[in-house]
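> Sequence and predicted structure below; questions after.
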Amino acid sequence: MRILVADDHEAVRKGVCAILSSRGDLEICGEATNGREAVDKSIELGPDLIILDITMPVLSGVEAIGEIRRYLPSVPILVLSMHESRQVIANVRALGVQGYVAKSDASTTLLLAVDSVLRNETFFPQ
């Protein structure tokens, strides 16, 4: 499975890539440092999954989700965010994303979330 990782913080992005790369069946096909890059690389690379921060420069993750959905309506999106409020989660869920992982929980839940989303299931905190 080919995954695009979009986060403006290099340490977070590299950490996510390291977690994903620990599995032989997951390939990082690209990285983006802002929302505009996330949209452009999504269209260019056609990943099987997009992992996207919602707080990014140039184009917010929320705006990027809207644009990605226009061009790639069936590609699953997993939000990775520092925001853990129920309202933020409800807002992105309403945009049609398939999952949400808090950055603080990424080391324990990211691969679970990826597996759920790739099985056409959703993954949201309770």
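Good, I have the coordinates. Residues are numbered from 1 along each chain as shown.
> Name all residues that make contact with the residue nearest the centre of the chain.
Central residue of the chain (Cα atoms, centre = their mean): residue 51, 1.6 Å from the mean position. Shown in contact with residue 51 (Cβ atoms under 8 Å, 6 or more residues apart in numbering): 3-7, 16, 20, 77-80, 114. Placement of C-beta: from N, CA and C, glycine included.
> Just the buried positions in the worst-scoring helix or strand of the chain on mean pLDDT, please.
Least confident helix or strand of the chain, by mean pLDDT, DSSP states H and E, is helix 86-94 with a mean of 87. Buried residues in helix 86-94, counted by 16 or more other Cβ atoms under 10 Å: 88-89, 92.
> Also stretch 109-117?
Quick answer for stretch 109-117 (16+ other Cβ under 10 Å): 109-111, 113-114, 116-117.
> Check stretch 37-52 too.
Neighbour counts over stretch 37-52 (16+ other Cβ under 10 Å) mark 37-42, 47-52 as buried.
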